[in-house]
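Enquirer: here is a sequence with its predicted model. Questions after.
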Number of protein chains: 2
Amino acid sequence: MSTAPQVESTTYQPPSWEDILAAHARIAPRIHRTPVLTSRSLDAIAGARLFFKCDNLQKTGSFKIRGASNAILSLSEAEAARGIVTQSSGNHGAAVACAAAWRGVPAWIVMPKNSSAVKIKAIEAYGGKIVFCEPKVSSRQEVCDRVQAETGAHLVHPYNDDRIIAGQATAAKELLEDIGDLDAVFAPVSGGGLLSGTCLGAKGLRPGVRIFGCEPERADDAYRSLTTGTLQSLESSDTIADGLRASLAPRTFAILRRHVDRVLLVSEEEIISTARLVWERMKIIIEPSSAVAIAPLLKPGVVASLNLPPRADGSAPKLGIIFSGGNVDLSTLPWQAA
Amino acid sequence: MSTAPQVESTTYQPPSWEDILAAHARIAPRIHRTPVLTSRSLDAIAGARLFFKCDNLQKTGSFKIRGASNAILSLSEAEAARGIVTQSSGNHGAAVACAAAWRGVPAWIVMPKNSSAVKIKAIEAYGGKIVFCEPKVSSRQEVCDRVQAETGAHLVHPYNDDRIIAGQATAAKELLEDIGDLDAVFAPVSGGGLLSGTCLGAKGLRPGVRIFGCEPERADDAYRSLTTGTLQSLESSDTIADGLRASLAPRTFAILRRHVDRVLLVSEEEIISTARLVWERMKIIIEPSSAVAIAPLLKPGVVASLNLPPRADGSAPKLGIIFSGGNVDLSTLPWQAA
């Protein structure tokens, strides 16, 4: 089940605080400082004070532009000159296309030939050159290797890359800069780039803050990896949270093992009903993957079960939630699908 | 066509800057300081730098809570004691119900018996007591008068009320506090409470700023009133922008005549396509009435036709847009309706 590790978790040194500061300085002029929103009605359901870091409102519609732009803007002229290549049918692909355009170099995005028209259009809108592959992991890798060999493009992996992790860390860093006394932070977990970055970005400013990952039951590799202590992969991942279908990688697993308290699982029904509730109450568009990060907290008893240390003044816990993205096909909403 | 004036526009004194400061101090602890968002892709379409004041993210889902809470929180104990009454099937009704609950007094909301289930539910959720009337203006007024007589409740009109106008002014005041050098501000116009407040709130901080109203072609009474110089009413108002079906009142007309440059009209098709574009690009939920405020600026040549004074540095104009609300029935979206 386990993937061959490319880094030893005992010796791996994750991005440092200085790396994160450098990433933030590099990308801040280009990205949105996304707002932190609140909702009394969701607070009442959770029995907590919730602070939502809205990277669904980020450029390209997701946090992915943070890591992609950090990686691409930090390349030397020689490294960047022949362009960028990555494999992603979703938000990372759009982010790489956008950041490559900022850098003025081409981007080849390898995506399965059965990708949705909406996703293809988004990547093309940022100027990405789409290269189709068969819809299986081996073909993706093959085609990606071939493009790299033919073009000399620089590979930017979606999450098993320290530059990506340092970039994603800036979302939690901004959240803690705005709301300094959070008791815990919650982020969705897929390949683990966002959750790893959340650990480093949040604990860099508040070492005692607790970190929780949130994951669909139908794509529970992070839950199983952290429970068993060995890196697990997914047999299948047919969740509606289409941003959360990847598996942890060696770097992200190493960071999560050190810093994550627990992974909380949610059902498909909970993801869909939570997405609709957030749209209704907060008037923002979140994709199902974002709903995964708040869905556990809306279930009776879950916040109490986290065993957070009581606050000195006895007030309700202050919890940060990272909304990862807002890219949804507006023709058919999640709750309208058959 | 013209309504009998209740105030003389030559002698009427609109709310002062001190009134607006007092309103803001009164309501700020209760309402959201809503974010000002930007979108490069919409900037590119408009040929301008756009700054969106997002009162679709305001409590109760619209700016209406600003005026309603200012009116209700400024009542004496004796005035408030017997509750509040208003007539509104929409956002003002929800706002009055919410602000009355903050004040701890009952609110009677007179609404047509054919109002949508979604709107009834929203008002009930804030604790409002719904009183149904026939779906015509005379019945609304009759029922409202009867409730007032029976209960002794205090009437809070949706817009022909200086406390309401002063409250709505706080949205533009916050926008100008955040983005001080706007060349012009755009707001939708219905009864004129928001647009009147926008004039006073924006010009209080930047006297030279230009103010434009935006209105559906199918509910063009403000356009006709300002063009003819006499208060016009609507024969019908079957626009999808359901927040913009009211007509100007004497107080709001008096303020708009003094301060508004022009009213820009948009078609139903432009309202719907603009709403969808904003959802897609900005990942926020705006109701059709909000889309009316940006739709004119996305049409070729419109920004240039406004004859804004050129900026000293030759850069593109900086335009503020007030998104008034985000209350939409998520079962069937505007572009999905038959």
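Expert: Okay, I see it.

Enquirer: okay, whichever residue of the stretch 151-300 of chain A sits closest to chain B: pLDDT?
Expert: Per C-beta to the nearest C-beta, residue A:283 is where the stretch 151-300 of chain A lies closest to chain B, at 3.3 Å. Any C-beta I mention is one placed from the backbone N, CA and C, and that applies to glycine too. Note on residue A:283: pLDDT of 98.

Enquirer: tell me the contacts of it?
Expert: B:56, B:57, B:61, B:284, B:285, B:286, B:326, B:327 (C-beta atoms under 8 Å, 6 or more residues apart in numbering or on different chains).

Enquirer: next: residue A:99.
Expert: So residue A:99 contacts A:65, A:68, A:69, A:71, A:72, A:73, A:84, A:107 (C-beta under 8 Å, 6+ apart).

Enquirer: just those residues now: which is nearest residue B:320?
Expert: residue A:65 (25.7 Å; C-beta to C-beta).

Enquirer: could you give the average pLDDT over the helix or strand containing the closest one?
Expert: Secondary structure from DSSP states H and E places residue A:65 in helix A:64-73. Throughout helix A:64-73, pLDDT has a mean value of 98.

Enquirer: check contacts around residue A:243.
Expert: Counting by C-beta under 8 Å, 6+ apart, the residues that residue A:243 touches are A:62, A:90, A:91, A:188, A:190, A:287, A:288, A:289, A:324, A:325.

Enquirer: thought the last one was touching residue A:292?
Expert: The one in question is residue A:325. No. The pair residue A:325 / residue A:292 is not scored as a contact, 11.0 Å apart, by C-beta atoms under 8 Å.

Enquirer: who has more neighbours out of these two?
Expert: residue A:292 (33 against 28; other C-beta atoms under 10 Å in any protein chain shown).

Enquirer: what packs against the helix or strand the more buried one falls within?
Expert: Assessed by DSSP H and E, residue A:292 sits inside helix A:288-294. Applying 3 or more C-beta pairs under 8 Å, 6 or more residues apart in numbering or on different chains; DSSP states H and E, one finds that helix A:288-294 contacts strand A:184-188, strand A:210-216, helix A:268-282, strand A:318-323.

Enquirer: could you dump the ones you listed to TSV with mean neighbour count?
Expert: As requested, the helices and strands packed on helix A:288-294 are arranged in TSV below (neighbours: other C-beta atoms under 10 Å in any protein chain shown):
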stretch	mean neighbour count
strand A:184-188	27
strand A:210-216	26
helix A:268-282	19
strand A:318-323	26
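
Enquirer: can you list those in TSV and add distance to residue B:215?
Expert: Output for those, formatted as TSV (distance: least, C-beta to C-beta, whole Å):
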stretch	distance to residue B:215
strand A:184-188	42
strand A:210-216	44
helix A:268-282	27
strand A:318-323	34
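
Enquirer: show me the one of these that comes nearest residue B:123.
Expert: helix A:268-282 (14.8 Å).

Enquirer: helices or strands up against that closest one?
Expert: So helix A:268-282, by 3+ C-beta pairs under 8 Å, 6+ apart, packs with helix A:40-46, helix A:288-294.

Enquirer: that one to strand A:210-216, inter-axis angle?
Expert: Interaxial angle, helix A:268-282 versus strand A:210-216 (axes from the mean of the first three to the mean of the last three C-alpha atoms, to 10 degrees): 120 degrees.

Enquirer: helix A:268-282 to strand A:318-323, inter-axis angle?
Expert: 100 degrees.

Enquirer: alpha carbons only: can I get helix A:268-282 in PDB?
Expert: What follows is helix A:268-282, C-alpha atoms only, in PDB (Å, rounded to 0.1, in the frame of the first residue of the first chain):
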ATOM      1  CA  GLU A 268     -20.700  12.700   1.200                       C
ATOM      2  CA  GLU A 269     -24.100  13.800   2.500                       C
ATOM      3  CA  GLU A 270     -22.400  16.000   5.200                       C
ATOM      4  CA  ILE A 271     -20.200  17.600   2.600                       C
ATOM      5  CA  ILE A 272     -23.100  18.600   0.300                       C
ATOM      6  CA  SER A 273     -25.400  19.800   3.000                       C
ATOM      7  CA  THR A 274     -22.600  21.800   4.600                       C
ATOM      8  CA  ALA A 275     -21.600  23.400   1.300                       C
ATOM      9  CA  ARG A 276     -25.200  24.600   0.800                       C
ATOM     10  CA  LEU A 277     -25.400  25.900   4.400                       C
ATOM     11  CA  VAL A 278     -22.300  28.000   3.900                       C
ATOM     12  CA  TRP A 279     -23.600  29.400   0.600                       C
ATOM     13  CA  GLU A 280     -26.900  30.300   2.200                       C
ATOM     14  CA  ARG A 281     -25.600  31.800   5.400                       C
ATOM     15  CA  MET A 282     -22.300  33.300   4.300                       C
END
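
Enquirer: contacts for it, please.
Expert: So helix A:268-282 is contacted by A:37, A:39, A:41-42, A:52, A:216-218, A:239-241, A:266, A:284-288, A:290-292, A:294-296, A:298-299, A:333-335, B:57, B:285, B:330 (C-beta under 8 Å, 6+ apart).

Enquirer: one more: stretch A:324-338?
Expert: Here stretch A:324-338 has contacts from A:55-58, A:61-64, A:90-91, A:94, A:116, A:118, A:122, A:187-188, A:194, A:240, A:243, A:271-273, A:275-276, A:284-290, A:293, B:276, B:279-280, B:283, B:330, B:333, B:335, using C-beta under 8 Å, 6+ apart.

Enquirer: ditto for stretch A:303-314
Expert: A:46-48, A:183-184, A:210, A:212, A:261-262, A:297, A:317-319.

Enquirer: and the end-to-end length of that stretch?
Expert: For stretch A:303-314, the first-to-last residue distance is 15 Å (C-alpha to C-alpha, to the nearest Å).

Enquirer: may I see the buried residues of that stretch?
Expert: Within stretch A:303-314, the residues that count as buried by 16 or more other C-beta atoms under 10 Å in any protein chain shown are A:303, A:306, A:308.

Enquirer: any idea how far residue A:223 lies from residue B:236?
Expert: 58 Å (C-beta to C-beta, to the nearest Å).

Enquirer: between the two, who's got more neighbours?
Expert: residue A:223 (20 against 8).

Enquirer: I'd like the distance between the more buried one and residue A:36.
Expert: In terms of C-beta to C-beta, residue A:223 sits 27 Å off from residue A:36.

Enquirer: now do stretch A:253-271, average pLDDT.
Expert: Stretch A:253-271 comes out at a mean pLDDT of 98.

Enquirer: my error: substitute stretch A:175-190 in the last question.
Expert: Here the average pLDDT along stretch A:175-190 is 98.

Enquirer: which of the buried residues of stretch A:303-314 sits closest to residue B:201?
Expert: Distances from residue B:201 to those, taken by C-beta to C-beta, are shortest for residue A:303, at 39.3 Å.

Enquirer: and the helix or strand where the closest one lies, how far from the chain's centre?
Expert: Assigned by DSSP H and E, residue A:303 belongs to helix A:302-305. Centre-to-centre, helix A:302-305 and its host chain are 24 Å apart (C-alpha atoms, centre = their mean, to the nearest Å).
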